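> whatever this is, show me its structure:
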Amino acid sequence: MPKKTVKFLVLGCGRQAWLAFFPWIKANPNARLEAVADINEDQARRAAKEFGARKVFTDIEKAIEQSEADAAIVVTPPWAHAEPVALAARRGMSVLCEKPMAVNSAECRRMIEECEKNNVLLRIGFSLRFDPGYEKVKTMIKTGDIGRVFQLRAEYDLWAPDLTKSPMREIIQVGGRLRLSHSPDMGAWRVNDARAGGGVFFDHGIHYVDLFRFFMDEDCDVLGGTAHKVVPTRSFEDHASCMLRFESGAAAHIQTSLSRWSARDEIEQGMINGSGGCIRFKFDPSWFLRGYPHLYHTHARVWKYGVPSLILGRWLPEHVPHGPAHVMFKRQIDDFVSRVNGSFEPHPVFGEIWGATGHDGLRAIEIAEQVVSSRIRR
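Alright, predicted model coming up:
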């Protein structure tokens, strides 16, 4: 029996849409880009021309009302997530919403309520779940490869200058005019816009809050957290860390920073300790600066330290598949399409659970709120 073609409406045509959604909708034989919407009409028309959208809108409400889409992907800035998700749910559309889910937990709850009331699917774009390296880590934990996990650690470190001062201010302005990015401000709103809800922990730390909950199949509580504003002109934290405790007693430490001078290149890595071994992972996120073709060669690398390592005296690499079929964004779209058209097949190891639900998105924001509400030092 032929699978239903899922018609998509993409709300927001900035850089993330071009990296994470447009190419992979086009690549999926059971998906079609029905319509796009962006307040920047030129931006929306460029996306429509490149990826074959039938309709172009500059008003999100009209796009939801007038398009004939089955599903909406919300890739607007986080302060503009709640209302489009609610409107799409009322129209009976399945929804894939980019992370962070919203700027606060109250908005997240409203989004969940609207989707549940209208019986539509809601998924949150925690794309790292679909990275083949992190799939490997999840599988190793699930199958008991390192025994009982008792500690997890992750760090995301980047050095980013003050974007409000020369020469960065002028570079961003020129880059926007020359269309060096699909976002007019080159993404500077992530640290400079007071509407964003939070800074580096809200934007990226929540990836590891979600991943660790995904790895452990457990919820967690915040034991403590701290948030710093190293660059005073930023709207929110640019350095934050937290300690989490899982239901099993396992402890986790997550650190995120935009202000570590020792991290002039992005560093994203971590370690998971179990009673029978240890997993180390490292992710190279610099593809984000180079564009989506480089995604084909990007994934989390994984090593294990177990009994053979004691004999050999070194970490042993785990095989992680990569290439076009294994790009995390492609897999995220493929999973979502299969959920919408009813062709989903459970993962051979961890079953039904793969994409993040609205409740996963809410929990990540609840934890981020606790961390960021710690007294910010200036």
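> okay, CA-based contacts and neighbour counts for the rest of this
Noted.
> what comes up buried for stretch 88-95?
By neighbour count with 16 or more other Cα atoms under 10 Å, stretch 88-95 contains the buried residues 88-95.
> next: stretch 230-244.
230-231, 234-244.
> what does that stretch contact?
Under the criterion Cα atoms under 8 Å, 6 or more residues apart in numbering, residues 162, 164, 191-194, 197-201, 220-229, 251-259, 371-372, 376-378 lie in contact with stretch 230-244.
> out of those, which sit inside strands?
Among the contacts of stretch 230-244, the members falling in strands (DSSP state E) are 220-228, 251-257.
> of those, buried ones?
Neighbour counting by 16+ other Cα under 10 Å classes 220, 222, 225-228, 251-257 among these as buried.
> which of the buried residues of stretch 230-244 fall within strands?
Taking DSSP E as the definition of strands, the buried residues of stretch 230-244 contribute 239-244.
> next one, pLDDT for the residue minimising distance to the centre of the chain please.
Nearest to the mean C-alpha position of the chain, by Cα atoms, centre = their mean, lies residue 126 at 3.6 Å. Looking at residue 126, its pLDDT is 98.
> can you pull the pLDDT of residue 133?
Looking at residue 133, its pLDDT is 94.
> now do the contacts for the residue lying closest to it once chain neighbours are set aside.
Using Cα to Cα, 6 or more residues apart in numbering and skipping the chain neighbours, the partner closest in space to residue 133 is residue 300 (4.5 Å). Residue 300 sits next to 131-134, 281-284 when contact means Cα under 8 Å, 6+ apart.
> try it again at 6 Å.
Neighbouring residues of residue 300 by Cα atoms under 6 Å, 6 or more residues apart in numbering: 133, 282-283.
> let me see the ranges of the strands in the stretch 51-200 of the chain.
Under the criterion DSSP state E, counting those that start in this stretch, the stretch 51-200 of the chain contains strands at 55-57, 71-74, 94-98, 122-125, 149-157.
> nearest to residue 210, of these?
Proximity to residue 210 (Cα to Cα) singles out strand 122-125 among the strands of the stretch 51-200 of the chain, at 10.5 Å.
> for the residue nearest to the centre of the chain, give me phi and psi.
phi -80, psi 80 (degrees, to the nearest 10).
> residue 39 versus that one, what's the distance?
According to Cα to Cα, to the nearest Å, residue 126 and residue 39 sit 25 Å apart.
> once you drop chain neighbours, what's closest to residue 198?
Leaving aside its sequence neighbours, residue 198 sits nearest to residue 236 (Cα to Cα, 6+ apart; 5.4 Å).
> before we move on, back to that, report the buried members of the contacts of residue 300.
133, 282-283.
> looking at these, which is nearest residue 357?
Nearest member of the buried ones among the contacts of residue 300 to residue 357, counting by Cα to Cα, is residue 133, at 20.9 Å.
> so who does that closest one touch?
By Cα under 6 Å, 6+ apart, the contact list for residue 133 reads 299-301, 320.
> try 8 Å
Residue 133 is in contact with 281, 299-302, 320-321, counting by Cα under 8 Å, 6+ apart.
> could you do residue 368 as well?
Going by Cα under 8 Å, 6+ apart, residue 368 touches 201-202, 205-206.
> flag the shaky bits of the chain, pLDDT-wise.
For the chain, the stretches with pLDDT under 70 are 1-2, 161-192, 261-266, 285-298, 374-378.
> kindly recompute the last result at 50.
Scanning the chain for pLDDT under 50 picks out 178, 180, 182, 185-186, 289, 291-294, 376-378.
> appreciated, that's everything.
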